[in-house]
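Colleague: could you work out the structure for the sequence below:
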Amino acid sequence: MWAFVATGISLVAAIASLTYAWFAWRHARDAQAAAIEARRLLDMELIAGDLVAAPLDVPDNRRGVRGG
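Modeller: Here you go, the predicted model:
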């Protein structure tokens, strides 16, 4: 009798553990996708900001010429 109870408790614990692991994996996958999307949007914003806010009369120190 106690063997059946112990087996049942073990099965419930195993199912709970697998369910928790599955939810943790999904959350990590969603967080990774959100981080990739945020990085992509940040890169796009930085590129767009460089294109819009880049003045043309700032000297280019790398080549020593004006006009970037």
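Colleague: give me the pLDDT for Tyr27.
Modeller: One thing to correct before we go on: residue 27 is His, not Tyr. Looking at His27, its pLDDT is 94.
Colleague: and it, how far is that from Met44?
Modeller: According to C-beta to C-beta, to the nearest Å, His27 and Met44 sit 26 Å apart. Where C-beta positions appear, they are placed from N, C-alpha and C, glycine not excepted.
Colleague: kindly report the same for Tyr20.
Modeller: Distance of Tyr20 to Met44, computed by C-beta to C-beta: 36 Å.
Colleague: likewise for Ala3?
Modeller: Taking C-beta to C-beta as the measure, Ala3 falls 61 Å from Met44.
Colleague: and Ala6, by the same measure?
Modeller: 57 Å.
Colleague: do Ile15 as well
Modeller: 43 Å.
Colleague: can you pull out the strands in this protein?
Modeller: Ranges of strands within the chain are 59-60, 65-66, based on DSSP state E.
Colleague: which of the residues in stretch 2-19 are buried?
Modeller: Of all the residues in stretch 2-19, not one is buried under the rule 16 or more other C-beta atoms under 10 Å.
Colleague: average model confidence for it?
Modeller: For stretch 2-19, mean pLDDT is 94.
Colleague: can you show me the helices along this protein?
Modeller: For the chain, the helices defined by DSSP state H occupy 2-53.
Colleague: do you know the pLDDT at Phe36?
Modeller: Just so we're on the same page, residue 36 is Ile rather than Phe. Model confidence at Ile36, expressed as pLDDT, equals 90.
Colleague: no no, Leu56
Modeller: So Leu56 comes in at 60 (pLDDT).
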